[in-house]
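Novice: Based on what follows, work out the 3D shape:
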Amino acid sequence: MRENRLRTLWQTQQVAINGWLAVPSAFSAEVMAHQGWDTLTIDLQHGVIDYAAMVTMLQAISTTATVPIVRVPWLEPGIVMKSLDAGAYGVICPMVNTREDAQRLVAYTHYAPRGTRSFGPIRATLYGGADYAQKANDTIVAFAMIETAQALDNLDAILSVEGLDAVYIGPSDLSLALGCRPVFDDVDPPVAQAIAHILERAQAHGVKAGVHNGVPDVALKRAGMGFNFVTLGSDARILAAGSQQLLGPMRAGLPRPG
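Specialist: Predicted coordinates:
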């Protein structure tokens, strides 16, 4: 089976640099994948990507060594299993709030006897290899998003679920849950404390921890704290920022009427 380089990075104590895909385009996904991201996450929860577009984006990513991950819209077995069948090597699931939620996520991402995933790796076999069925349970990575007050209350119970590989922090939703501004980087003190607490408890349970970031300085700081997986920017944000970098000097340098 094709190696999951995310697991290899973690086994060698390295931090994975993750990019985010919000544009429903195989070509933009291919361009991003060829830039050297360790992993790329296709976002089905927010934005405009549907399942058909996701499949073409997974195909584009597979032309490189970048690991394909999908953030599913919700904890629902159909989309989790279809994303894996399409060739995702990791699933990030939003709003995992209880131990039971985490158990369901693990079940949906693993074949029996370790889970309840239905068998039908239509494209996953093409991507992963002929022995996909035998090795998928030990290859796929399952992330539970911790982003609510309820999840914080149940954190240790969630982290104790066998088969849960990692947690992923969405700072914006976590901020809203704690009555703070919904931002990625310059979070309010209660959110900073919650992020540090989630990381500390994940490390205590031997679970990997990831976090969403907006700028390199913050991503590097959080990697230094001990996060194993740091997201830095989306294709849509990069497109907008790059356009502004070009347009700003041009508009400032052009003569104005009068």
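Novice: Please report the distance of the residue nearest to Val187 when sequence neighbours are not counted from Ala204.
Specialist: Among residues not flanking Val187 along the chain, Pro171 sits closest, at 5.5 Å (CB to CB, 6 or more residues apart in numbering). The C-beta positions use only the backbone N, C-alpha and C, and glycine is treated the same way. Pro171 is 21 Å from Ala204, where distance means CB to CB, to the nearest Å.
Novice: Neighbour count: the two, which is higher?
Specialist: Applying other CB atoms under 10 Å to Pro171 and Ala204 shows that Pro171 carries more neighbours, namely 25 against 10.
Novice: Please tell me I have it right and that one contacts Asp186.
Specialist: No - in this structure, Pro171 is not within contact of Asp186 by CB atoms under 8 Å, at 9.7 Å.
Novice: Quick check: beta-bridge partners of the closest residue to Asp43 other than its chain neighbours?
Specialist: Of all residues not flanking Asp43 in the chain, Arg71 sits nearest, at 4.9 Å (CB to CB, 6+ apart). Beta bridges link Arg71 to Asp43, Ile92, judged by DSSP bridges.
Novice: counting contacts, what elements does the lengthiest helix in the chain pack onto?
Specialist: If you go by DSSP state H, the chain has its longest helix at helix 235-253. Packing partners of helix 235-253 (3 or more CB pairs under 8 Å, 6 or more residues apart in numbering; DSSP states H and E): strand 16-21, helix 26-33.
Novice: how about the strands of the stretch 151-258 of the chain, start to end?
Specialist: 166-169, 208-213, 229-234 (DSSP state E, counting those that start in this stretch).
Novice: Could you save those as TSV and add columns showing distance to Thr109?
Specialist: Converted to TSV, the strands of the stretch 151-258 of the chain look like this (distance: least, CB to CB, whole Å):
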stretch	distance to Thr109
strand 166-169	12
strand 208-213	15
strand 229-234	17
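Novice: mind putting those strands in a markdown table, distance to Leu246 and mean neighbour count included?
Specialist: Listed next are those as a markdown table, based on distance: least, CB to CB, whole Å; neighbours: other CB atoms under 10 Å:
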| stretch | distance to Leu246 | mean neighbour count |
| --- | --- | --- |
| strand 166-169 | 33 | 26 |
| strand 208-213 | 24 | 25 |
| strand 229-234 | 17 | 23 |
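Novice: Distance to Arg99 and mean pLDDT added to those strands, as TSV?
Specialist: Formatted as TSV, the strands of the stretch 151-258 of the chain follow (distance: least, CB to CB, whole Å; pLDDT from 0 to 100):
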stretch	distance to Arg99	mean pLDDT
strand 166-169	13	98
strand 208-213	18	98
strand 229-234	22	94
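Novice: quick one: low-confidence ranges for this protein?
Specialist: In the predicted model of the chain, residues 258 satisfy pLDDT under 70.
Novice: mind running it again at 90?
Specialist: Within the chain, the stretches with pLDDT under 90 are 47, 233, 256-258.
Novice: quick one on the thing from earlier: go through the helices and strands packed on helix 235-253 and name the closest to Gln150.
Specialist: Nearest to Gln150 among the helices and strands packed on helix 235-253 is strand 16-21 (25.0 Å), distances taken as CB to CB.
Novice: So which elements touch the closest one?
Specialist: Packed against strand 16-21 by the contact rule (3+ CB pairs under 8 Å, 6+ apart) you find helix 5-11, helix 26-33, strand 39-43, strand 208-213, strand 229-234, helix 235-253.
Novice: hey, C-alpha coordinates of the longest helix of the chain in CSV?
Specialist: What follows is helix 235-253, C-alpha atoms only, in CSV (Å, rounded to 0.1, in the frame of the first residue of the first chain):
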residue,chain,number,x,y,z
ASP,A,235,-5.6,28.5,-1.8
ALA,A,236,-8.4,31.2,-1.7
ARG,A,237,-6.5,33.3,0.9
ILE,A,238,-3.2,32.9,-1.0
LEU,A,239,-4.9,34.0,-4.2
ALA,A,240,-6.4,37.1,-2.6
ALA,A,241,-3.2,38.0,-0.8
GLY,A,242,-1.1,37.5,-3.9
SER,A,243,-3.5,39.7,-5.9
GLN,A,244,-3.2,42.5,-3.3
GLN,A,245,0.6,42.3,-3.3
LEU,A,246,0.5,43.0,-7.1
LEU,A,247,-2.4,45.5,-7.1
GLY,A,248,-1.2,47.7,-4.2
PRO,A,249,2.0,48.9,-5.8
MET,A,250,0.3,49.3,-9.2
ARG,A,251,-2.5,51.4,-8.0
ALA,A,252,-0.2,53.5,-5.8
GLY,A,253,2.1,54.1,-8.7
